[in-house]
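Engineer: One predicted model, sequence on top.
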Amino acid sequence: MSGGKELVLDTLRRATSQDAATLKPAEQQLQEWETEPGFYSTLVEIFSEHSLEVNVRWLAVLYFKNGVDRYWRKTAPKAITEEEKARIRCGLLHNLREPVPQVATQLAVLIAKIARVDCPREWPDLLPALFEAVKSSDQLVQHRTLLTLHHVIKQLASKRLAADRRTFQELTSQMFTFLLELWRSETEAFLVASGQNNEVMVPCLERSHLSLKILRKLLIHGFKKPHENPDATMFVEAVFDRIKVMLDFRKQHENNEHIKTIGGKYVVLLTKVLLDMLENYPFSYLQFIKPSLDLTTYYVFTPAGEGLIFERFTVQCLNLIKTILLCPEYKPCKVIEDTKDPQTLEAFRIKSEFFTNTVLAEMCHKLISHYFLLTQDDLEAWDSDPEGFCMEVEGGESWKYSLRPCTETLFVSLFHEYRSALTAVLMDMVRSSHKPVEPSDYHGILQKDAVYNAVGLAAFELFDDIDFDQWFTSSLINELKVKDSNYRIIRRRVIWLIGQWTSVKFSPEHRPTLYEACIHLLSSEEDFVVRLSAAMTLKHSVDDFEFDPEKFMPYLPTIFGLLFNLLKEAHECDTKMQVLHVMSFMIEVVGVGIQPHAAPLAQYLPGLWDESADHNMLRCAILTTLVHMVTGLMRESEGLHEFLINIIRISTDVREDCHVYLLEDGLLLWLTTLENTATPHDALLQLFDNMLPLMEISSENLRLCLQITTAYTLLCPQQFLSKYGSRLIESFSSMLTDMKSEGTVLVLRSVEMIMRVLPVEGANLVQPLIPGFVKVVADGDQYPMVMGMYLSVIARLVLYAEPIFTWAINQVAGDQSKTPEEVLERVVSIWSDKLALTSPEERRKLCALGLAYLCGTGWPPVLKVWPHAVTAVSEVVFDVTMEDSTQDKLLLSLLPKLHILSPLLAPYLPNSSPLSLFLPSLPHSFLLLLPSTLTLHPSPSSFLPCPPFLLLLPSTLTLHPSPSSFLLCPTPFSSSFSLPP
């Protein structure tokens, strides 16, 4: 690049300006230089000069890191040259004395990014250089080297190809022992200096922490079986000791926030080593199951942990216990003697010996009476931010990081594994909490809340032990009526508890009482958290197998109005989504019953849509609600078309960024709107402008797109196809060139629907596609499902637009340098072969009609395969008619003219002598091939027209008694064959 280092440096300085007039041109110039040779080498020079301004060096590192992502790989467009890469790699290794921690971290990350691509082949000296630098006596160099090594190892460990994993395992064997010794020495150093010299202790602590991070990655990704390596085993054993030491260390330095923070991270990292090994190598962890359970229960479930443990550490310990409990490798067969693996049996023995009834009872008591209690912080959050409190409680995978959800998931796991031992413990606690609590007894309220929480979590396990109906009528319903402010905790918990039990053991006759209770709890005077809990319980009660809509309908107007008020009062998008989901589900369940009550919500949703411009998940909830509302309103939903069309347009416009989130729900709303529209209009038709771009990019939603297309075809075929038909066929043609079987069937169904709705005009419209269809049939190598669709379209073409079919035969013949006769013979032959495999029955019948029509044309190529074709048609006749029924499934209309086919039949008949044929014993549906001379009694007029029979008539015949109906070949065979152009 021209201009050199000074020019780039000046531009970087201008790019750090706060003045937009200076900043924007500088950023644009830097973007232009991204593909210039020498630009990244210049950046390395700039951020390597420690005397320059930190913000300039920081910006240089960021631009360099972005360039590595885009242009470092050899296959990248305008990739960095190999010569420049070599200079860059050399320059980076001289940056291990970076004084600014933030810049040092960014440098370590970008070196790791390059290492993931180049190490070890293109950059073989990276790891040896870092190894040497780690041994430096310069503490800054050692720290920066460990930081860089940590990020490099992290990147290399993420490579999953077999060759890369073998390389990483070789790397681990070379460096694990050294790093283990380094970790030990640094740990001893900061422990010795603890409380004496913080200037010595803190750097040692940081280096020990970095060493531990590296060892964790090497342990998990660098060994096939860690328990077979002595150093790996020694490291894990040391982790248990270090957890105890670091908890004491953190307690000792609790007044120094920086050291306390690092100490906390250190302890959590030690527990992550154990969790990672347990999850990735459960059998290698076998010898550490007992120490893990001893350690975690000692600190979490005994007084010994008081003052030492903290929330994040407690969460890690509880998750470690839960992972051991649920580990599938540690679970034997139901019949233990059937278990083959001795390691599984050993793990089961260790768990059984540890989890005695006494231990389980103590853990259950501690979880409920200590960890389940609402804390002062919880209650303050309830008062100050009720919506945030509800979201925190209901959060998805918060059990991985938050204490309360973590304790609840452990309790559920324990109860599921040891139900017989824990049921009695929990039932005792329920009995002790059964009596009403005084509203002034705050501790009693919290204890009752915790016990009720446990009963709700273990609802499925307690099915046989609790008579919930009796409990509901005698106690719970009364507790919902206590209106004291402190008792809001119990009201919320009780209504939540009922919701947990509705799908477990709750009699239908008590549902009206529950609905009445929810109405009281949803009132605007009630606490917001209680109202939201009542809404969720309503959802559970409606989403139940025993739900009776008739019993619910009297309460629907009141409940729906109260939910609507709750929706309007909610401020957070997550809360609005939750309430909207309840209302949406209710609309779906009651169906048309929502029609008298939907108007207020329909008026509110447009405003909510506008307010949620930055919250796509809330907009998804609005779309889902509208889908159910339109379904329930049916034709009355046409009054909402202005709003519906607007949001459908936004949701399905590929030019809108939000379409990534809204597309699927928007398409579903679009389809539902069409299905419930009786009178199409221009605005609805113009909406299809969004569809054609979607068909080009949307493979995931292709089914919905084609269903919408079909809906338009049925709703307003003339207007729709005249405006969009040509472009639609072009789109279909493009899609069919590269599409799997399932997608091909979907497209062909849309094509077929066009021909069904407008047989003549539709055939002309799809004409450009037909040669391709004929070619596919002639190839004959498609799956039966796909071939059946192709044959179905061609059969309709043969019946409705024979000239287009013959034109397509000529086109294919010209493209393949064959005669039309050869192509037609091949098509009819494949058609006859595949007819029996076509499904469903109606489609097979249609294909048989088309083939029967061709059999009646008399074209010589058809005559060559005529016996095979007629046999295939006769099999379909047998398949699709019912022998003992007067109602025929084969519904056909005959062409007006009957032709006698005796000259053609002669080669296939056994003799030409006169024959009198009696029919009483023949089946109801059959193919009749008659000889050349028969006498007919009574006259033929008595059995015309005739759906179930295919009768090929000679010149004379005798028929007694006359059958009730016949199917006749509609047109004559001709002696010559020609295809019109």
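Structural biologist: Yep, it's here. Given the structure is predicted, the values throughout are model-derived calculations rather than measurements.

Engineer: residues near the residue nearest to Gln287 when sequence neighbours are not counted, how many?
Structural biologist: Nearest non-adjacent residue to Gln287, counting by CB to CB, 6 or more residues apart in numbering: His227, 6.9 Å away. Where C-beta positions appear, they are placed from N, C-alpha and C, glycine not excepted. Neighbours of His227 under the rule other CB atoms under 10 Å: 17.

Engineer: Also Leu414?
Structural biologist: Counted with other CB under 10 Å, Leu414 comes out at 21.

Engineer: Can I get the helix or strand where it lies in PDB, CA atoms only?
Structural biologist: In the assignment (DSSP states H and E), Leu414 maps to helix 403-417. In PDB, the C-alpha atoms belonging to helix 403-417 read as follows (Å, rounded to 0.1, in the frame of the first residue of the first chain):
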ATOM      1  CA  LEU A 403     -29.300 -20.700  42.900                       C
ATOM      2  CA  ARG A 404     -33.000 -21.100  43.300                       C
ATOM      3  CA  PRO A 405     -33.700 -22.900  40.000                       C
ATOM      4  CA  CYS A 406     -30.600 -25.000  40.600                       C
ATOM      5  CA  THR A 407     -31.800 -26.200  44.000                       C
ATOM      6  CA  GLU A 408     -35.200 -27.000  42.500                       C
ATOM      7  CA  THR A 409     -33.800 -29.100  39.700                       C
ATOM      8  CA  LEU A 410     -31.600 -31.000  42.100                       C
ATOM      9  CA  PHE A 411     -34.700 -31.600  44.400                       C
ATOM     10  CA  VAL A 412     -36.700 -33.000  41.400                       C
ATOM     11  CA  SER A 413     -33.800 -35.200  40.400                       C
ATOM     12  CA  LEU A 414     -33.300 -36.500  44.000                       C
ATOM     13  CA  PHE A 415     -37.000 -37.200  44.300                       C
ATOM     14  CA  HIS A 416     -37.200 -39.000  41.000                       C
ATOM     15  CA  GLU A 417     -34.200 -41.200  41.900                       C
END
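
Engineer: Show me the shaky parts of the chain.
Structural biologist: 1-3, 392-396, 698, 881-981 (pLDDT under 70).

Engineer: can you pull the buried residues of the helix of greatest length in the chain?
Structural biologist: The longest helix of the chain (DSSP state H) is helix 162-193. Judged by neighbour count (16 or more other CB atoms under 10 Å), helix 162-193 contains these buried residues: 165, 167-168, 171-172, 175-176, 179-180, 182-184, 186-187, 189-191, 193.

Engineer: Spatially nearest residue to the most centrally placed residue in the chain, not counting backbone neighbours?
Structural biologist: The centre of the chain sits closest to Glu700, judged by CA atoms, centre = their mean, with a distance of 11.4 Å. Leaving aside its sequence neighbours, Glu700 sits nearest to Glu664 (CB to CB, 6+ apart; 7.8 Å).

Engineer: in the one helix or strand Val627 maps to, what counts as buried?
Structural biologist: Assigned by DSSP H and E, Val627 belongs to helix 616-633. Of the residues in helix 616-633, 616, 618-633 count as buried by neighbour count, 16+ other CB under 10 Å.

Engineer: Please list the residues outside it that contact it.
Structural biologist: Residues outside helix 616-633 that contact it (CB atoms under 8 Å, 6 or more residues apart in numbering): 573, 576-577, 580-581, 583-585, 587-588, 590-595, 598, 601-602, 605, 608-609, 612, 637, 640, 644, 647, 651, 658, 661-662, 665-666, 668-669, 672-673, 676.

Engineer: What is the neighbour count of the residue lying closest to Met429 once chain neighbours are set aside?
Structural biologist: Spatially, and ignoring its direct neighbours in sequence, Met429 is nearest to Val451 (5.0 Å; CB to CB, 6+ apart). Per other CB under 10 Å, the neighbour tally for Val451 reads 22.

Engineer: do you know how far Phe643 is from Leu601?
Structural biologist: 12 Å (CB to CB, to the nearest Å).

Engineer: More neighbours: the two, which one.
Structural biologist: A direct count of neighbours by other CB under 10 Å for Phe643 and Leu601 places Leu601 higher, at 22 against 15.

Engineer: Please compute how far whichever strand or helix holds that one lies from its chain's middle.
Structural biologist: If you go by DSSP H and E, Leu601 is part of helix 599-611. Chain-centre distance of helix 599-611: 29 Å, with CA atoms, centre = their mean, to the nearest Å.

Engineer: Please list the outside residues in contact with it.
Structural biologist: 560-561, 564, 567-568, 576, 583, 618-619, 622, 625-626, 629, 640, 643, 647.

Engineer: Which member of the residues you listed is positioned nearest Met787?
Structural biologist: Taking CB to CB as the measure, Leu626 is the one of the contacts of helix 599-611 closest to Met787, at 39.8 Å.

Engineer: Now do that closest one against Asn701, distance only.
Structural biologist: From Leu626 across to Asn701, the span is 18 Å (CB to CB).

Engineer: now swap in Glu49 and tell me
Structural biologist: Distance from Glu49 to Asn701, by CB to CB: 53 Å.

Engineer: which of the two has more neighbours?
Structural biologist: Asn701 (19 against 12).

Engineer: Touching, the more buried one and Asp665? I think so.
Structural biologist: No. In this structure, Asn701 is not within contact of Asp665 by CB atoms under 8 Å, at 10.4 Å.

Engineer: just to revisit the earlier point, distance of the residue nearest to the centre of the chain relative to Leu667?
Structural biologist: Distance, Glu700 to Leu667, using CB to CB: 10 Å.

Engineer: Specify the residue ranges that define each domain of the protein.
Structural biologist: With domains defined by the TED database, the chain comprises 1-158, 768-880.

Engineer: now the strands: where do they sit in the stretch 751-900 of the chain?
Structural biologist: Counting by DSSP state E, counting those that start in this stretch, the stretch 751-900 of the chain has no strands at all.

Engineer: burial measure for the closest residue to Val786 other than its chain neighbours, as a count.
Structural biologist: Distance criterion CB to CB, 6+ apart; nearest residue to Val786, sequence neighbours excluded, is Ser741 at 5.0 Å. Ser741: 13 surrounding residues under other CB under 10 Å.

Engineer: so what's the backbone phi/psi at Ser741?
Structural biologist: phi -60, psi -40 (degrees, to the nearest 10).

Engineer: Surely it touches Gly788?
Structural biologist: No. Using CB under 8 Å, Ser741 makes no contact with Gly788, being 11.4 Å away.

Engineer: For the residue nearest to Asp548 when sequence neighbours are not counted, list the residues it contacts.
Structural biologist: In this structure, Asp548 finds its nearest non-sequential neighbour in Pro508, 6.0 Å apart by CB to CB, 6+ apart. Contacts of Pro508 were listed using CB under 8 Å, 6+ apart, and they are Glu546, Asp548, Lys551.
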